[in-house]
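>>> Provided below are the primary sequence and the corresponding predicted coordinates.
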Amino acid sequence: MSWINSLMARSLGRKPKAARNAQPGLVFTAAPPPKPAPRATEGKPAAEAFPRFHSTAGDQLSPRLTDATAAARVKLRSAFTPSQPITDRRLFAGRLDVLTTLIRSIEDQRVHVIMYGERGIGKTSLVHVLTQAAQEARYIVVYVSCGAASTFDEIFRAVAEDVPLLFHSGFAPTTEQAEKGGSLADLLPSTQLTPRLVADLFAKLTGTRVLVVLDEFDVCESPEFRRNIAELIKNLSDRSIRTQLVIAGVAADLTELVEHIPSIRRNIFALQVPKMSTAEVNHLVENGEAHSGVTFDKVATDFIVSVANGSPYLASLFSHHAGLVAIDKGRDRVMVEDVAVAVEQALTEFRGRISKQSLAQIDQATKAGARHILGVMAGAAQFNNGRFDERDVDAAHPNGPSAKATIDELAANHILLERQDDEHGRSYVFSEEAVLPYLWILAAQKRFLDERRPGGDEKAASEKPEAASPAVVAGRAGRS
């Protein structure tokens, strides 16, 4: 029985015979984060200390605490914000070439900008820093975070409210309406807004430029909304209207994000936000050091760079957790063992986002010796915006056997993978979003730690993720 059949049997509630007789294999599951030692407060024994927040809602240190590490914690969580985008450009690391390209596209080419890419790649941070740069140049910037039920009418009524009436060519600055702080929204009819009506209104702008930022564009479910945006882009461009759109969202390619691309292709600049380079991730850590006062040992930084794999979200997450681990130990320097704990904490977080069924499949496949193929698939997906095919897997590990049979069988049985067929051919995605980073972190963590053990280079090379056919893996499972 192959390991895939074992997983199918497990999902049906039957424990396969091979599994009953097998010895426990090497399972890479995340250990719970260590509990910090309780601190003594106000003269009470440590055992009686009650947990408290270290700062107030106004981000001020709590006056009730005498904890010397509290100030360092406040600085650290401001320096590394994995759950929030960067809004302060002093903390913006790398991506200067990308930002320069975006500014030149808007300012010199007068085109509309579409940014797309995988989740956590830094699109929203780029949008915020771009917004600050535009505001400094006295653009009127209107930022909108799209929702599932967003409509064209709702969004552009809100946009019009943020554009002062004094920039309308039909109203002099001294007119009563302009002096009272009126906006373009005052000129809108009560009927449903259309792209042509909005373009007609913005065609009257003078003395300024407007940048409309539509973030989280992929969240909006309405095809009509997307069609209206495409039509508006064409109207604004054809008439050289002083309003430009910046659209950002999660997508594997441009056509996933905006419909009717052929009709507006010459009016847009499309940017697939790239992964951060090694130098940029190093810069991210260095920025955090400068703002937190916590320093990172070089090997600790190398560990973060290796496992983050160009993801600013993962780099910030590991740096944040590792910094807190070091502070809990009374140090202001992060060592490699602190990053190891941080990675385990991150794995625990990702496990909490994965369904029980997928977790069981991952653990069972690992026990059956399929850790290598899972790591290879995760790596291939990481380098291809979440979507991959067997050629990507073979390219990721050219010396291993073909992975086609394994991938096809996993997808056919809906085990961790789903198959997608489109005009570009057949590809695969992980069935749950959190499975991909979880499997990648597991594989990257083990490779980095193996390379640091005595003789680790040879061992790591022999244990790098490799493609394994069901028959090969079944043989491993039978020997375990």
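All right, it came through fine.

>>> List the contacts of Arg90.
Taking Cβ atoms under 8 Å, 6 or more residues apart in numbering as the criterion, Arg90 is in contact with Asn287, His291. Quick note: C-beta positions are derived from backbone N, CA and C, even for glycine.

>>> ok but it is inside a helix, no?
Yes. The secondary structure assignment for Arg90 places it in a helix, going by DSSP: H, G, I helix; E, B strand; the rest coil.

>>> Give me the pLDDT for it.
In the prediction, the pLDDT value recorded for Arg90 is 73.

>>> just Ser462 next, same as before
As predicted, Ser462 sits at a pLDDT of 44.

>>> Then Ala474?
Per-residue pLDDT puts Ala474 at 32.

>>> And for Arg479?
The per-residue pLDDT reported for Arg479 equals 32.

>>> One more: Ala68?
The per-residue pLDDT reported for Ala68 equals 63.

>>> tell me the secondary structure for the residue nearest the centre of the chain?
Using Cα atoms, centre = their mean, the residue of the chain that lies closest to the mean C-alpha position is Gly120, 0.9 Å off. When the structure is split into helix, strand and coil by three-state DSSP, Gly120 lands in coil.

>>> Skip the chain neighbours and tell me the closest residue to it.
Distance criterion Cβ to Cβ, 6 or more residues apart in numbering; nearest residue to Gly120, sequence neighbours excluded, is Tyr313 at 3.4 Å.

>>> which residues touch that neighbour?
For Tyr313, the residues meeting the contact criterion (Cβ under 8 Å, 6+ apart) are Pro82, Arg119, Gly120, Ile121, Gly122.

>>> How are the strands of the chain distributed by residue range?
Taking DSSP state E as the criterion, the chain contains strands spanning 112-117, 140-145, 210-215, 243-250, 268-272, 295-296, 333-334, 417-422, 425-430.

>>> want to throw the ones you listed into TSV with mean pLDDT and mean neighbour count?
Supplementary listing: the strands of the chain in TSV, determined by pLDDT from 0 to 100; neighbours: other Cβ atoms under 10 Å:
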stretch	mean pLDDT	mean neighbour count
strand 112-117	87	24
strand 140-145	92	18
strand 210-215	92	23
strand 243-250	88	24
strand 268-272	86	18
strand 295-296	94	22
strand 333-334	94	22
strand 417-422	85	14
strand 425-430	86	18
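
>>> Ok, which of these comes nearest Arg73?
When the strands of the chain are ranked by distance to Arg73, counting by Cβ to Cβ, first place goes to strand 333-334 at 13.7 Å.

>>> ok, back up a step: now the residue nearest to Gly120: how far from Ser125?
When Cβ to Cβ, to the nearest Å is the yardstick, Tyr313 and Ser125 sit 10 Å from each other.

>>> Next: Arg266.
Distance, Arg266 to Ser125, using Cβ to Cβ: 29 Å.

>>> Pick out whichever of those two has more residues nearby.
When neighbours are counted by other Cβ atoms under 10 Å, Arg266 and Ser125 differ, and Ser125 comes out ahead with 23 against 9.

>>> what residues are up against the more buried one?
Ser125 makes contacts with Pro85, Ile86, Thr87, Phe92, Pro312, as judged by Cβ under 8 Å, 6+ apart.

>>> How about Leu211?
Counting by Cβ under 8 Å, 6+ apart, the residues that Leu211 touches are Ile106, Thr131, Ala134, Tyr139, Ile140, Val141, Val142, Thr243, Gln244, Leu245, Val246.
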